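In: Provided below for reference: sequence and predicted model.
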Amino acid sequence: MPRKPTSPLHGTAAAPRRARAMGATQAEAFLRALAAANPAPETELHYTDAFTLLVAVVLSAQATDASVNKATATLFKAAPDPAAMAALGKAGIGEHIRRIGLWQGKARNVAALARQLIEQHGGQVPNDRAALEALPGVGRKTANVVLNVAFGEATMAVDTHIFRLGNRTGLAPGRTPLAVEQALVRKCPPALLRDAHHWLILHGRYVCKARAPECWRCPAVAACNYRDKVLTPPAGK
Ligand code: SF4
């Protein structure tokens with residue numbers, strides 16, 4: 001019988017159940033198991049180019065991808081590039097994104113970000129971490145997503161799912177998102193690193209969930225060091 005978890009959060013930072021840290025060989029086995037289950041992973045945000053990806057990622061902080069996709073369906077029609085977005089302005093952007101959390105601050109950031117792209121980067125999204133992080137509303141995680149998805153760089157953006165998963169499974173334990181990011185970059189084989197970002201986010205979102213990981217249907221169960229695996233589905237699942 002699997003042991004009963006000591007916390008409903010199952011190994012989150014709030015209630016850590018320290019898993020033994022994986023070595024590189026085990027980490028590779030873990031990632032290859034996720035890869036076999038989803039060979040061509042992609043972001044679930046809708047975008048058409050680097051600019052719309054950047055805006056979608058800025059909007060996605062503390063919001064679901066589904067809610068962002070609903071908002072950007074009309075926003076990107078009205079403003080598909082930095083010039084149109086800057087012209088739309090904070091109030092105009094706000095009209096499209098009111099259903100997203102923190103929409104007022106995000107509308108202000110997206111308008112300012114579009115202006116800055118025009119004034120400092122010729123209307124292009126820069127392929128450069130420092131320049132990206134200098135844009136309003138863009139932090140390390142957003143820059144990593146844009147560098148990875150738009151520019152093909154092997155970066156690792158650590159969101160809440162990857163932070164939890166890195167600690168829970170022993171794949172990349174760390175007290176901060178940056179520590180988890182650095183552990184993942186250290187352990188992931190370079191050839192897997194770019195896609196690992198997607199595998200881990202999707203795995204955390206749909207299988208290794210925050211409150212109750214669904215270990216009974218996890219493709220990486222044999223390589224995982226979580227100590228309270230849920231190997232029997234609850235009734236009705
Ligand atoms: S076995 Fe469970 S805890 Fe480990 S990665 Fe899979 S779902 Fe997460």
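Out: On my side now, so go ahead. Numbering: from 1, shown residues only.
In: drop to CA atoms for contacts and neighbour counts, all remaining ones
Out: Will do.
In: which strands and helices sit next to the lowest-mean-pLDDT helix or strand in the chain?
Out: Here the helix or strand of the chain ranked lowest by mean pLDDT, DSSP states H and E is helix 190-206, holding a mean of 93. Helices and strands touching helix 190-206, by 3 or more CA pairs under 8 Å, 6 or more residues apart in numbering; DSSP states H and E, are helix 24-37, helix 160-169.
In: ok, now with 10 Å
Out: Other helices and strands packing on helix 190-206, by 3 or more CA pairs under 10 Å, 6 or more residues apart in numbering; DSSP states H and E, are helix 24-37, helix 140-149, helix 160-169, helix 177-187.
In: In contact with the residue most central in space within the chain, which residues?
Out: Ranked by distance to the mean C-alpha position of the chain (CA atoms, centre = their mean), the top residue is residue 159 at 4.6 Å. By CA atoms under 10 Å, 6 or more residues apart in numbering, residue 159 lies in contact with 61, 141, 142, 165, 177, 181, 197, 200, 201, 204.
In: Put together JSON lines for those, with distance to residue 35 and neighbour count on each row.
Out: Below are those laid out as JSON lines (distance: CA to CA, whole Å; neighbours: other CA atoms under 10 Å):
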{"residue": "61", "distance to residue 35": "26", "neighbour count": "18"}
{"residue": "141", "distance to residue 35": "22", "neighbour count": "21"}
{"residue": "142", "distance to residue 35": "23", "neighbour count": "25"}
{"residue": "165", "distance to residue 35": "16", "neighbour count": "27"}
{"residue": "177", "distance to residue 35": "23", "neighbour count": "20"}
{"residue": "181", "distance to residue 35": "19", "neighbour count": "23"}
{"residue": "197", "distance to residue 35": "11", "neighbour count": "26"}
{"residue": "200", "distance to residue 35": "10", "neighbour count": "24"}
{"residue": "201", "distance to residue 35": "12", "neighbour count": "22"}
{"residue": "204", "distance to residue 35": "14", "neighbour count": "21"}
